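**Student:** here you go, sequence then predicted model.
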Amino acid sequence: MLASFFNYDNPVWRFIGKFFDVMVLNLLWVICSIPIFTIGASTTAVYYVTLKLVRDEDSSTIRSFFKSFKENFKQATAIWLILLAVGAVIGFDLYFFLRVQTVASTMRTVMLAIFIGFALTWLCITLFVFPLQCKFYNPVKKTLFNAFFMSIRHFFHSLGMLAMDVLVFVAAVLVPWLGVAIFLFGFPLLAFMNSYVFVGIFDKYIPKKEEEPERDEFRPLEERELEEQRARERALAAGQAQTGGTAEHPGASELPGDGRDMQ
């Protein structure tokens with residue numbers, strides 16, 4: 001019995017190991033977010049790893065983080081800068097009607113309600129967009145639209161995750177020892193908890209192996225890798241045909257491995 005308890009494959013030790021991975025992720029996320037404009041890429045990389053942790057997929061935390069950080073850097077940074085600009089505008093408007101325009105009026109009440117709605121929508125999109133970026137391949141515009149669409153379609157999940165994140169933050173402020181724990185685990189702890197919800201949501205949008213996804217459906221990242229591999233094979237075959245040779249089909253070792261896919 002003791003031997004099984006101290007076995008590293010024991011579910012208890014695997015769960016403890018996940019929290020160690022979250023601590024490592026927190027250090028990586030803080031360091032890679034220092035330039036501010038890289039927060040989008042580092043947040044995407046965090047979700048790439050936490051979604052793997054929730055699925056019990058064995059992989060190196062550090063290697064997976066930097067792999068996703070590098071591959072998603074341009075698009076995640078663009079998304080982050082867009083969200084930052086929009087959030088700044090919404091924040092300024094809320095500040096204006098809460099602190100500057102303090103005279104009670106119907107217009108002030110209506111504008112406050114409108115911008116609070118905008119702020120809630122912004123939070124929901126921000127909650128979904130980086131997990132979507134690390135999981136599915138789409139242009140920036142499509143990724144933002146999908147984040148809006150999914151956050152509204154799964155509105156109660158969105159509210160639940162937002163409430164849970166706020167609750168953890170408030171508990172960390174009010175309870176000193178919880179504050180120390182949050183300091184050690186940081187944002188990746190919230191991402192890890194949210195990932196249990198995201199896994200259930202994303203599975204509904206991933207086509208089955210025998211199904212061919214339509215053009216406008218959500219496409220896992222592995223679909224793009226397979227398409228790129230087929231394109232390389234066709235180009236190789238065409239080149240061989242022009243030179244009079246025969247195209248050699250690449251072996252299994254030449255196919256993309258884990259790559260950016262989460263499956």
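**Tutor:** Done, it's in.

**Student:** okay, helices next: where are they in the stretch 101-250 of the chain?
**Tutor:** Secondary structure of the stretch 101-250 of the chain (DSSP state H, counting those that start in this stretch): helices at 106-135, 140-153, 155-174, 176-202, 221-242.

**Student:** for Leu81, find the nearest of the ones you listed.
**Tutor:** Minimum separation from Leu81 across the helices of the stretch 101-250 of the chain (Cβ to Cβ) falls at helix 140-153, 10.2 Å. Where C-beta positions appear, they are placed from N, C-alpha and C, glycine not excepted.

**Student:** what comes up buried for stretch 59-76?
**Tutor:** Within stretch 59-76, the residues that qualify as buried are Thr61, Ser64, Phe65, Lys67, Ser68, Phe69, Glu71, Asn72, Phe73, Gln75, Ala76, counting by 16 or more other Cβ atoms under 10 Å.

**Student:** how is this structure divided into domains?
**Tutor:** Domains of the chain are assigned by automatic domain parsing as 2-202, 221-254.

**Student:** ok, Trp122 - contacts?
**Tutor:** Each residue near Trp122 by Cβ atoms under 8 Å, 6 or more residues apart in numbering is listed here: Leu83, Val86, Gly87, Ile90.

**Student:** make that Leu98, sorry
**Tutor:** Neighbour list for Leu98: Leu112 [criterion: Cβ under 8 Å, 6+ apart].

**Student:** in a helix, it, correct?
**Tutor:** Yes - Leu98 forms part of a helix when assessed by DSSP: H, G, I helix; E, B strand; the rest coil.

**Student:** now the buried residues of stretch 59-76 in a markdown table, with secondary structure and pLDDT?
**Tutor:** Compiled in a markdown table, the buried residues of stretch 59-76 are given as follows (DSSP: H, G, I helix; E, B strand; the rest coil; pLDDT from 0 to 100):
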| residue | secondary structure | pLDDT |
| --- | --- | --- |
| Thr61 | helix | 92 |
| Ser64 | helix | 94 |
| Phe65 | helix | 96 |
| Lys67 | helix | 94 |
| Ser68 | helix | 95 |
| Phe69 | helix | 96 |
| Glu71 | helix | 94 |
| Asn72 | coil | 96 |
| Phe73 | helix | 96 |
| Gln75 | helix | 96 |
| Ala76 | helix | 97 |
